[in-house]
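# All I have is the shape, not the residue letters:
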């Protein structure tokens with residue numbers, strides 16, 4: 001009897017551990033061309049400081065659009081004070097031929113003269129490892145916004161979206177993602193990002 005109870009207990013522990021391990025990690029997020037908003041509460045009508053995780057010309061231009069949309073909602077906006085909205089702008093282009101000797105560092109394909117310079121790293125060629133194909137062959141822009149409360153750092157609201165876009169249209173695609181997010185900012189949704197063609 002004790003052996004049967006022990007076996008059942010071990011089976012339940014193993015099943016629980018396996019289910020926990022599968023749920024661990026970062027959520028997958030929306031598909032390419034979609035937005036996802038998680039509104040744990042509506043964006044409060046308080047001052048919001050929009051802070052960038054990376055300082056590039058593209059991210060600064062898109063931060064300006066976020067600040068415009070927040071001010072249209074009645075929020076005072078700035079670079080410090082109030083609740084903090086962290087903004088991450090990422091642009092990936094796995095479609096170009098990396099065998100031409102491109103190195104990590106330097107200006108990315110979407111870079112502009114106003115970007116902060118990036119130091120060249122010595123002889124670190126950028127290439128795929130082990131013949132693994134990239135998740136997408138299209139150049140991809142991803143915008144992620146996370147609003148934290150000033151007191152306690154609680155996450156109040158998150159949104160992210162992505163578009164397949166060439167480098168010369170990345171800013172327009174980012175503005176489309178941001179506008180689509182703020183058009184539906186008060187509700188949790190997954191929907192089309194309204195990516196420009």
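Right, received. Where do you want to start? All values derive from a computational prediction rather than experimental measurement.
# ok, residue 156 - contacts?
Residue 156 makes contacts with 40, 41, 43, 44, 83, 147, 148, 149, as judged by C-beta atoms under 8 Å, 6 or more residues apart in numbering. Bear in mind the C-beta positions are built from the backbone N, C-alpha and C, glycine included.
# quick one: low-confidence parts of this structure?
Along the chain, segments meeting pLDDT under 70 span 1-28, 95-137.
# one step back: out of the contacts of residue 156, who has the most neighbours?
Neighbour counts for these, by other C-beta atoms under 10 Å, peak at residue 147, which reaches 23 neighbours.
# ok, that one touching residue 155?
Yes: the pair residue 147 / residue 155 is scored as a contact, 7.2 Å apart, by C-beta atoms under 8 Å.
# re the thing from before, name the nearest of the contacts of residue 156 relative to residue 184.
Closest approach to residue 184 among the contacts of residue 156 (C-beta to C-beta): residue 43, at 11.8 Å.
# Distance-wise, check the residue nearest to that closest one when sequence neighbours are not counted relative to residue 52.
Of all residues not flanking residue 43 in the chain, residue 157 sits nearest, at 5.6 Å (C-beta to C-beta, 6 or more residues apart in numbering). Distance, residue 157 to residue 52, by C-beta to C-beta, to the nearest Å: 17 Å.
# Pick out whichever of these two has more residues nearby.
Neighbour tally, residue 157 and residue 52, criterion other C-beta under 10 Å: the higher count belongs to residue 157, 22 against 16.
# so residue 58, which of the three states?
helix (DSSP: H, G, I helix; E, B strand; the rest coil).
# Now do the helix or strand harbouring residue 181: which elements does it pack against?
Following DSSP states H and E, one finds residue 181 within helix 170-183. Applying 3 or more C-beta pairs under 8 Å, 6 or more residues apart in numbering; DSSP states H and E, we find helix 170-183 packed against strand 34-39, helix 57-72, strand 140-148, strand 155-164.
# ok, residues contacting the strand or helix carrying residue 87?
Element membership for residue 87 (DSSP H and E) is strand 83-92. Contact with strand 83-92 is made by 44, 46-54, 56, 58-59, 62-63, 66, 70, 108-110, 139-150, 156, 167, 170, 174, as judged by C-beta under 8 Å, 6+ apart.
# For that strand, buried residues please.
In terms of neighbour count (16 or more other C-beta atoms under 10 Å), strand 83-92 has its buried residues at 83, 84, 85, 86, 87, 89, 91.
# Sounds good, over and out.
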